[in-house]
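> I would like the atomic coordinates for the input below:
(one chain, ligands or ions: 2)
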Amino acid sequence: MSATLITGITELITNDQPAPADPALIVSEGIVAWIGPAADAPPADSRIDADGTVLPAFVDSHSHLVFDGDRSAEFAARMTGRRYDGGGIATTVEATRSADDDRLRELVAARVAELRAQGTGVIEIKSGYGLNTPDEVRALRIAAEFTTETTFLGAHVVPAEYAGDRAGYLDLVRGPMLERAAPHARWIDVFCEPNSPHAFDGEESRAILTAGRDAGLELRVHGNQLGPGPGVRLAVELGAASVDHCTFLDDADVDALAGSSTVATLLPGVEFSTRSPYPDARRLLDAGVTIALATDCNPGTCYSTSMPFMIAMAVREMGLTPTEALWAATRGGALALRRDDLGRIRVGDPAYLTVLDAPNHLHLAYRPGVPLARPLL
Ligand code: NIG
Ligand code: FE
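Ligands and ions are numbered 1, 2, ... in the order given. So this is what the prediction gives:
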């Protein structure tokens, strides 16, 4: 057994027990084996001088990494005033279906390398740019090469070939497509958005989610992104682990979340890249709602893999303190994935550790855009 001692920690964020003065850690076989004052550290086989802040690796609980194609022109058009309504997803579906497996795998691998280099430990990856049975299954198979947190999003939008037959597509998604996809996914998700002609209304979303639950999948929802809607309340009613976006909420939505175990996952990169109002994270926290921060990395509404960027926006634009934003990007993400073993530094848990080239965690928001975060091990 080989044990590594980590010292030189200017600040240790555990999201668990308070850190001792001059803290040190021992990691053995990928597991946190000991936490205590450096002066009391037991012997180890090797030593790392962190020379910075050590924190739990970010948990990015919402991404759509399996795609090909480029929508930078759509982004540029939005910056001059065009509205986002989900219509551009069709462009990505076409490009993704045309890519061969090796190319798609390489694209995902490059994106995963990019996010890991910025301090993310575990990522959730959705399908949703195949929108037919073989391409959805392929996306999930490729996603599963990179994470156990795979999500079936056949109900992203109604694809072009079903434009005149929504009911036919719904039957496909909750029938044969779900049956083939379920063995490759942990979660099912739906873009519940009556404000988009391409996405799904409350009753359609309910039908998809309940079919997914019957197939053994756990539930997540895209809700209340483009305007008020039923997504948040549906997610709470069905006991979803997370409802993501939460940009347009009324008091009843906030009350429903506050009385539930459903996490509100906020995705400020989407508001940044669609020029939309940011969700009111302060209101949610003050009401007692558990929140997470994630990237939503996708080619349409936010092509960023950077959790530090999300933290900086959450502080500057959404009313969170740097400490609250960091918690939401680590422990909050873990709870959104119902993973008790992630998002904190605790003896016995896997050692997903991130180091910041900074004296304390406030620098994550204080120095936006600066590449401070990297994997410690
Ligand atoms: O989470 N809202 C739906 N899906 C993605 C965007 C997908 C796209 O535009 O390609 C999102 O914002
Ligand atoms: Fe998304």
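
> ok, residue 268 touching residue 318?
Yes - contact criterion CB atoms under 8 Å: residue 268 and residue 318 qualify, at 6.2 Å. Any C-beta I mention is one placed from the backbone N, CA and C, and that applies to glycine too.

> shared neighbours, those two?
Common contacts of residue 268 and residue 318 (CB atoms under 8 Å, 6 or more residues apart in numbering): 278, 279.

> Report the contact partners of the residue of the stretch 151-300 of the chain found nearest ligand 1.
Using CB to the nearest ligand atom, the closest approach of the stretch 151-300 of the chain to ligand 1 is made by residue 300 at 2.0 Å. Shown in contact with residue 300 (CB under 8 Å, 6+ apart): 71, 74, 84, 86, 88, 89, 92.

> try 6 Å this time
By CB atoms under 6 Å, 6 or more residues apart in numbering, the contact list for residue 300 reads 71, 88.

> can you pull the pLDDT of it?
Predicted confidence (pLDDT) for residue 300: 98.

> Residue 268 and residue 318: which is more packed in?
residue 268 (30 against 24; other CB atoms under 10 Å).

> Just give me the neighbour total for the residue lying closest to the more buried one once chain neighbours are set aside.
Excluding the flanking residues, the one nearest residue 268 by CB to CB, 6 or more residues apart in numbering is residue 313, at 4.0 Å. Counted with other CB under 10 Å, residues neighbouring residue 313 total 23.

> a strand runs through residue 313, doesn't it?
No - if the criterion is DSSP: H, G, I helix; E, B strand; the rest coil, then residue 313 is helix and not within a strand.

> wait, doesn't it sit right on residue 267?
No - applying CB atoms under 6 Å as the test, residue 313 and residue 267 come out as separate, 9.8 Å apart.

> Pull the contacting residues for residue 182.
Neighbour list for residue 182: 215, 217 [criterion: CB under 6 Å, 6+ apart].

> can you tell me the helix or strand for residue 289?
Counting by DSSP states H and E, no helix or strand carries residue 289.

> How many residues are close by the spatially closest residue to it that is not a sequence neighbour?
Nearest residue to residue 289, sequence neighbours excluded (CB to CB, 6+ apart): residue 257, at 4.4 Å. For residue 257, the count of nearby residues is 25 (other CB under 10 Å).

> pLDDT at residue 257, what is it?
With respect to pLDDT, residue 257 scores 98.

> Could you list the residues of this protein in contact with ligand 1?
Counting by CB under 6 Å from any ligand atom, the residues of the chain close to ligand 1 are 86, 88-89, 92, 191, 222, 225, 270, 296, 298-301.

> at 5 Å what do you get?
89, 191, 222, 296, 298, 300, 301 (CB under 5 Å from any ligand atom).

> Mind checking which of those are in helices?
Those of the residues of the chain next to ligand 1 mapping onto helices are residue 89, per DSSP state H.

> Which pair of the residues of the chain next to ligand 1 spans the longest distance?
Maximum pairwise distance among the residues of the chain next to ligand 1 (CB to CB): 13.1 Å, between 89 and 296.

> Now list whatever residues contact both of those two.
Common contacts of residue 89 and residue 296 (CB under 6 Å, 6+ apart): none found.

> Quickly list the domain ranges of the chain.
Using the TED database, the domain ranges for the chain come out as 3-56+344-376, 58-337.

> what are the ranges of the strands in the stretch 201-350 of the chain?
Counting by DSSP state E, counting those that start in this stretch, the stretch 201-350 of the chain has strands at residues 218-223, 242-245, 263-266, 291-293.

> how about those in a markdown table, adding mean pLDDT and mean neighbour count?
Shown next, in a markdown table, are the strands of the stretch 201-350 of the chain (pLDDT from 0 to 100; neighbours: other CB atoms under 10 Å):
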| stretch | mean pLDDT | mean neighbour count |
| --- | --- | --- |
| strand 218-223 | 98 | 27 |
| strand 242-245 | 99 | 30 |
| strand 263-266 | 99 | 30 |
| strand 291-293 | 99 | 29 |
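
> Which of those strands sits closest to residue 60?
Closest among the strands of the stretch 201-350 of the chain, once you apply CB to CB, is strand 291-293, at 8.8 Å.

> Pick the most buried one from the domains of the chain.
Most buried of these by mean neighbour count (mean count of other CB atoms under 10 Å) is domain 58-337; its value is a mean of 21.

> How far off centre is stretch 142-149?
Taking the mean of its C-alpha atoms, stretch 142-149 sits 14 Å from the chain's own mean (CA atoms, centre = their mean, to the nearest Å).

> okay, the strands of the stretch 201-350 of the chain in a markdown table with distance to residue 46 next?
Formatted as a markdown table, the strands of the stretch 201-350 of the chain follow (distance: least, CB to CB, whole Å):
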| stretch | distance to residue 46 |
| --- | --- |
| strand 218-223 | 39 |
| strand 242-245 | 38 |
| strand 263-266 | 37 |
| strand 291-293 | 33 |
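
> Quick one, which of those strands gets closest to residue 105.
So among those, strand 218-223 is nearest, using CB to CB, at 23.9 Å.

> residues in contact with the closest one?
Contacts for strand 218-223 (CB under 6 Å, 6+ apart): 187, 189, 191-192, 209, 231-232, 235, 238, 240-245.

> Would you list the strands that it pairs with, along with their directions?
Its sheet considered, strand 218-223 pairs with strand 187-192 (parallel), strand 242-245 (parallel) by DSSP bridges.

> what are the ranges of the helices in the stretch 151-300 of the chain?
Taking DSSP state H, counting those that start in this stretch, the helices of the stretch 151-300 of the chain run over residues 166-172, 178-181, 202-214, 231-237, 251-258, 268-274, 281-286.

> For residue 12, find the nearest of the ones you listed.
helix 281-286 (23.7 Å).

> Quick one: distance of the closest one to the chain centre.
Here helix 281-286 is found 19 Å from its chain centre; the criterion is CA atoms, centre = their mean.

> Kindly provide the distance from residue 205 to residue 219.
Plainly put, residue 205 is 10 Å away from residue 219 if you go by CB to CB, to the nearest Å.
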